[in-house]
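1. I would like to see how this sequence folds:
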Amino acid sequence: MRDEVMITGVGLISPLGDQVSRLLELVDAGELARRRAVFVPFPEGLDGPGEGAFVLRVPDPEPAQIPNLRRPFPDRMTLMAIQAADRALASAGVVSGAVDPARAGVVANTCYGPSTTVERYLRTLLTEGPGQVSAITFARAVSNAMVGELARRHRLRGPSTLVVSSAALGYAADVLSSGGADLMLCVGVDLLGDYTPWYHRRAGMLAGGLVLGEASAALVLERRDAARARGATAHARVLDYGTAFCPEAVQRVTGFTPESMRQAMEQALSLSKISPGDVDTLVAIDNGDRALGAAERAMAEELLPRGVRVLAPKRTIGECFGASEVLGAAIAAAALSAGDGRSRVSVVNAGQLGGALSSTVLAKVLA
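-> Presented below is the predicted three-dimensional model:
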């Protein structure tokens with residue numbers, strides 16, 4: 001059981017705004033993504049005219065309004081990550097000189113990466129030839145370009161990496177608990193490319209109620225002694241996490257089985273030395289797909305006590321892929337730090353493309 005890793009800062013960008021407390025209210029009230037989704041037609045030449053899907057998109061960032069950015073501006077995915085990271089670090093009160101840069105790093109998570117940048121690069125390459133391809137666009141067509149941008153922007157010179165569709169929160173907590181860093185900026189982000197809604201519809205994944213969305217979320221994680229040394233306020237404790245793999249969900253974010261979800265949760269609770277009966281809040285994988293939601297609820301009813309508070313952020317803002325784990329933890333941290341006392345121990349479930357599952361146990365900060 002680890003109790004020395006604390007969440008001290010939260011930042012997010014979502015289709016429903018950037019206030020985590022407000023998003024918690026909407027999720028807790030059961031607001032459904034389809035009520036706010038906007039119809040987007042498929043690209044020309046795909047299926048018939050007028051075909052499309054309902055999605056939730058984040059408004060395009062305004063680079064000129066983001067401090068300390070220079071032309072050529074980063075791509076849209078990186079801009080979303082920068083906005084969430086800036087807010088998280090400001091929320092944590094991290095200012096220049098407050099943290100040793102060599103002891104502060106970044107871990108980021110995404111599923112699709114800079115898909116729109118890749119689409120633009122390939123479109124230019126195939127239609128106009130290699131001589132017209134921008135070298136900057138080529139360099140930004142890899143997912144870890146985002147990590148470099150974040151590290152340079154905030155002068156973070158500690159251990160930094162990108163994980164694809166995996167447990168970024170657990171990875172960051174491991175770095176801290178092993179003494180590899182004092183602070184880790186943990187970021188999850190994904191956006192919808194031109195073809196993302198189309199192939200989800202073509203594969204039948206939208207038939208069960210799934211709505212696709214975009215989001216970027218960031219957390220500041222710190223070792224407890226480092227956070228206390230600089231007078232930081234903690235929102236939640238990260239106890240431990242578990243992982244699992246679900247073959248049925250390798251290509252389908254609606255395919256996670258009760259057995260695989262249970263395996264991740266039981267591992268997380270065991271490593272955290274937390275009894276299932278102590279859990280009062282579950283942040284669910286449930287992304288609006290009826291079969292997936294029912295499977296997760298049935299599993300939770302068997303494993304956890306009755307009356308557990310269930311929060312399903314993706315039912316409210318849509319399936320946000322690589323952003324979902326960090327976003328779910330941000331929602332859980334907001335619930336744990338609220339003054340109503342409804343949450344003391346929370347399990348954050350996340351399932352991502354490739355079949356990866358993670359469960360992270362968060363707890364209220366002890367006085």
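2. C-alpha from now on. contacts and neighbour counts both.
-> Noted.
3. What ranges does the stretch 151-300 of the chain have for its strands?
-> Per DSSP state E, counting those that start in this stretch, the stretch 151-300 of the chain carries strands over the ranges 161-164, 183-190, 212-213, 215-223, 236-245, 281-283.
4. Nearest to Ala98 among these would be which one?
-> Ala98 lies closest, by C-alpha to C-alpha, to one member of those: strand 183-190, at 10.8 Å.
5. Run me through the strand neighbours of the closest one, direction for each.
-> strand 104-110 (parallel), strand 215-223 (antiparallel) (DSSP bridges).
6. ok, and for it, which residues are buried?
-> 183-190 (16 or more other C-alpha atoms under 10 Å).
7. re earlier: turn the strands of the stretch 151-300 of the chain into CSV, including mean pLDDT and distance to Arg123.
-> Converted to CSV, the strands of the stretch 151-300 of the chain look like this (pLDDT from 0 to 100; distance: least, C-alpha to C-alpha, whole Å):
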stretch, mean pLDDT, distance to Arg123
strand 161-164, 93, 24
strand 183-190, 97, 21
strand 212-213, 97, 24
strand 215-223, 97, 25
strand 236-245, 97, 35
strand 281-283, 98, 39
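8. So which of the ones you listed is nearest Arg87?
-> Nearest to Arg87 among the strands of the stretch 151-300 of the chain is strand 215-223 (8.0 Å), distances taken as C-alpha to C-alpha.
9. what's the average pLDDT for stretch 40-52?
-> The pLDDT scores in stretch 40-52 average 82.
10. same question, stretch 89-108
-> For stretch 89-108, the mean pLDDT works out to 92.
11. ok, back up a step: in TSV: the strands paired with strand 183-190, plus mean neighbour count and distance to Gly129.
-> As requested, the strands paired with strand 183-190 are exported to TSV (neighbours: other C-alpha atoms under 10 Å; distance: least, C-alpha to C-alpha, whole Å):
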stretch	mean neighbour count	distance to Gly129
strand 104-110	27	29
strand 215-223	30	33
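12. between those strands, which gets nearest to Glu259?
-> Among the strands paired with strand 183-190, strand 104-110 sits nearest to Glu259 (C-alpha to C-alpha), with 24.6 Å.
13. Next secondary structure element downstream of the closest one?
-> helix 115-128 (DSSP states H and E).
14. ok, residues contacting the next helix or strand after that next one?
-> Following helix 115-128 in sequence order, the next helix or strand is helix 135-139 (DSSP H and E). Residues lying outside helix 135-139 but in contact with it, judged by C-alpha atoms under 8 Å, 6 or more residues apart in numbering, are 117, 121, 145.
15. Run the chain-centre distance for the helix or strand bottoming out on mean pLDDT in the chain.
-> For the chain, using mean pLDDT, DSSP states H and E, the weakest element among its helices and strands is helix 135-139, scoring a mean of 78. Helix 135-139 has its C-alpha centroid displaced from the chain centroid by 26 Å (C-alpha atoms, centre = their mean, to the nearest Å).
16. cool, stretch 352-361 as well?
-> The answer for stretch 352-361 is 11 Å, by C-alpha atoms, centre = their mean.
17. State the mean pLDDT of that stretch.
-> Mean per-residue pLDDT for stretch 352-361: 95.
18. In CSV, list the C-alpha atoms belonging to it.
-> C-alpha atoms of stretch 352-361 as CSV (Å, rounded to 0.1, in the frame of the first residue of the first chain):
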residue,chain,number,x,y,z
GLN,A,352,-8.8,1.9,-23.6
LEU,A,353,-8.2,0.8,-27.1
GLY,A,354,-6.0,-2.3,-27.4
GLY,A,355,-7.8,-4.0,-24.5
ALA,A,356,-5.9,-2.4,-21.7
LEU,A,357,-7.7,-2.0,-18.3
SER,A,358,-6.6,-0.2,-15.2
SER,A,359,-8.1,0.3,-11.8
THR,A,360,-6.7,2.9,-9.4
VAL,A,361,-7.6,3.3,-5.8
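19. ok, and what's touching that stretch?
-> With C-alpha under 8 Å, 6+ apart as the test, stretch 352-361 has contacts from 111, 165-167, 169-170, 238-253, 256, 260-261, 264-265, 268-269, 272, 321-322, 345-351.
20. Filter those residues down to the buried ones and hand me the ChimeraX line.
-> With 16+ other C-alpha under 10 Å as the criterion, this ChimeraX line picks the buried residues out of the contacts of stretch 352-361:
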select :111,165,166,167,169,170,238,239,240,241,242,243,244,245,246,249,250,252,253,256,260,261,264,265,268,269,272,321,322,345,346,347,348,349,350,351
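21. Distance check, the residue of the chain most remote from its centre against Ala98.
-> Residue farthest from the centre of the chain, counting by C-alpha atoms, centre = their mean, is Gly131 at 36.7 Å. Separation of Gly131 from Ala98 (C-alpha to C-alpha, to the nearest Å): 46 Å.
22. Which parts of this structure are helices?
-> Ranges of helices in the chain, per DSSP state H, are 20-28, 76-91, 115-128, 135-139, 145-154, 168-177, 196-202, 224-229, 258-272, 290-303, 313-317, 324-337.
23. tell me how far the last one is from the chain's mean position?
-> Think helix 324-337. Centre-to-centre, helix 324-337 and its host chain are 10 Å apart (C-alpha atoms, centre = their mean).
24. Okay, angle between it and helix 168-177 too, please.
-> Interaxial angle, helix 324-337 versus helix 168-177 (axes from the mean of the first three to the mean of the last three C-alpha atoms, to 10 degrees): 70 degrees.
25. next one: the first one
-> In this structure, helix 20-28 runs at an angle of 130 degrees to helix 168-177, with the same axes, to 10 degrees as the basis.
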